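Asker: Structure of the sequence below:
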Amino acid sequence: MAEASRWHLGGTPKPKLQYRKDVEIRTTLQELLLYLIFLINLCILTFGMVNPHMYYLNKVMASLFLDTSVPGEERTNFRSIRSITDFWKFMEGPFLEGLYWDSWYNSNDLYDLKNTSRIYYENILLGVPRVRQLKVRNNTCKVYSSFQSLMNECYDKYTSKNEDLSDFGLKSDSEWKYSTPNRSSPWHWGFVGIYRNGGYIFTLSKSKSETRSKFINLRLNSWITRSTRVIFIDFSLYNANVNLFCIIRLVAEFPATGGILTSWQFYSVKLLRYVSNYDYFIASCEITFCIFLIVFTTQEIQKMREFKSAYFQSIWNWLELLLLVLCFVAIAFNVYCNIQISLLLGQLLKNTEKYSDFYFLAYWHIYYNNIIAITIFFAWIKIFKFISFNKTMSQLSSTLSRCMKDIVGFAIMFFIIFFAYAQLGFLVFGSQVDDFSTFQNSIFAQFRIILGDFNFAGIQQANRILGPIYFITFIFFVFFVLLNMFLAIINDTYAEVKADYSIGRRPDFELGKMIKKSYNNALEKLKLKKAQKDESKESKKSEDLAEQARREGFDETEIQSAEKMKKWKERLEKKYYSTEIQDDYQPVTQQEFRDLFLYAVELEKELHYVSLKLNRVMRKVSALQY
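Answerer: Down below sits the predicted model:
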């Protein structure tokens, strides 16, 4: 009847509540174990994609093509190019010498090249390098009327609308004729513009002397003009020793202000992915990764069907969805890259006299690596879902959730002041200090100031009055006042949360206690004598207390009543005051109400008995005083 009444009231019986909790603990432990296996597999897969030789290959190539100076001019290398004259010196000097290694260091002939070029004797030059430039049309900008008599040419910054598509110069060879861009090739994001593919292109020769003659001819016939806005130098290498491709792009931008801005890209990628036994082991990890992804996707779909709209109320479920989306995107990138490699690699290696455009493959391979990096980042973050059952992590999450409103209010005030200083710095120092040259740079420069990385000398030199005022006031208001307010908000909230936990508030269950309890239960099952020994100690302790009560003059009825009262009290305390009980409200059954009522009656009797004894003692004390 009591059981039926409890179901009628909508509550959950105690045994079923405990069973549900045990199932939740068991499910959490199983999910943690499964996820740890998935995370280990993902780490092996991602670390297997990265080769330490990638860094050294990039470093060697950068040292050869960026830091090698023109003979007799120690400061003229690709990094320091500032004029068209410096550019041609680099092309006819360090660049030409770096590409063609046709003899050994003792001037002996190099081993059989088989119609290929070697760089540093170990790296095969795939095809031939390519040089291309993009130009803009004349009169793409407006000249003020007062200056029109002084200049009749005006070349604006590069855009696809301003690009010059007409032939120029000698108009005889391909380098003087415009080549239409390939739609599949990615655009390049430079310092002062975004450049598309195509332009005025010429490829180098296998012969060093022919290439030198080509450079001299282009220089003498002014291949680079005032309308030139960017020049790309592209070539690719392959090192069979480490099974790595190195795709190199050197960029020289010619802004409308004059001068040259140089940049570069060195991409070392592993396009041939399955060669060694370790590569096939990584392939097995990829298959395992796909299996895990199918399992996790099925679990999330089941959760959505079970909880429906309530599923999206948990931040951990959103993290699960984000992680699944990233995994599917990574797989799509991987499949796309492998298909493109299988289709294009043979064609690119077929003709060694033409330029092999590996930049397209490297570009998407780098994006695939970036997606994998973001995926494994969020995969590690998901571990907090399981660690949150720990007391410390529960306090941390409670602190952040409780002070979120205060942090949002503080963030509004902080960024108002922060952006005001960023605008001030950009307008005052933007024309002279590189850190404040754009509004975006100004914002990041202020974050660096907070972290202690700043150029005070440059700020002071740009403006001797506003520079120090800006710096001192920014440090005072942002560093000393606002950041300390932020820390004070978190510290006060953490103190409140810690006080709540000290008076009995705990998470529903802690992962460490779950594991420890399971471990102790396993030991007790294996060593039953230890559990029996503890029980015998408990019974012996109870017998000693009963014997002591007899010696003090208590009769058997009082002793039995006290023992009964003690057992009853322990049972009720274990039932209603245990820290393992969930905080959710559960209706009380008629049987539980009867037990509590009888317990209250017994407590009333005990209090009445204690009160009579206290009155008797007080009367005796009063009689002794008189």
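
Asker: Would you verify that Val192 is located in a helix?
Answerer: No: under the criterion used here (DSSP: H, G, I helix; E, B strand; the rest coil), Val192 is coil, not part of a helix.

Asker: Run through the residues that contact the closest residue to it other than its chain neighbours.
Answerer: Residue nearest to Val192 in three dimensions, not counting chain neighbours: Pro255, with 4.7 Å by Cβ to Cβ, 6 or more residues apart in numbering. C-beta: built from backbone N, CA, C; applies to glycine. Taking Cβ atoms under 8 Å, 6 or more residues apart in numbering as the criterion, Pro255 is in contact with Lys157, Phe191, Val192, Arg229, Leu261.

Asker: What is the nearest of those residues to Ile339?
Answerer: When the contacts of Pro255 are compared for distance to Ile339 (Cβ to Cβ), Phe191 wins out at 33.6 Å.

Asker: OK, contacts around the closest one?
Answerer: Glu253, Pro255, Leu261, Ser263.

Asker: Lowest-scoring secondary structure element of the protein by mean pLDDT?
Answerer: helix 2-9 (a mean of 42; mean pLDDT, DSSP states H and E).

Asker: Can you select the buried ones from the contacts of Phe191 in ChimeraX?
Answerer: This is the ChimeraX syntax for the buried subset of the contacts of Phe191, where burial follows 16 or more other Cβ atoms under 10 Å:
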select :253,255,261,263
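
Asker: so Ile124 makes contact with Tyr238?
Answerer: Yes: with contacts counted by Cβ atoms under 8 Å, Ile124 reaches Tyr238, the gap being 4.9 Å.

Asker: In this structure, where is pLDDT below threshold?
Answerer: 1-26, 74, 106-116, 388-391, 502-595, 625-626 (pLDDT under 70).

Asker: what are the ranges of the strands in it?
Answerer: Per DSSP state E, the chain has strands spanning 117-119, 123-135, 178-179, 188-189, 194-195, 199-203, 228-239, 244-253, 261-269. These are given in chain order.

Asker: quick one: which of the ones you listed is nearest Tyr278?
Answerer: Comparing those by Cβ to Cβ, strand 244-253 comes nearest, at 14.5 Å.

Asker: who are the neighbours of the closest one, in terms of helices and strands?
Answerer: helix 53-65, strand 228-239, strand 261-269, helix 359-381 (3 or more Cβ pairs under 8 Å, 6 or more residues apart in numbering; DSSP states H and E).

Asker: Can I get the ones you listed in CSV including distance to Ile490?
Answerer: Compiled in CSV, these are given as follows (distance: least, Cβ to Cβ, whole Å):
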stretch, distance to Ile490
helix 53-65, 38
strand 228-239, 49
strand 261-269, 41
helix 359-381, 20
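
Asker: Most tightly packed of the ones you listed?
Answerer: strand 228-239 (a mean of 22; mean count of other Cβ atoms under 10 Å).

Asker: could you pull out the helices for the stretch 251-400 of the chain?
Answerer: Ranges of helices in the stretch 251-400 of the chain, per DSSP state H, counting those that start in this stretch, are 277-307, 315-350, 359-381, 384-387, 391-402.
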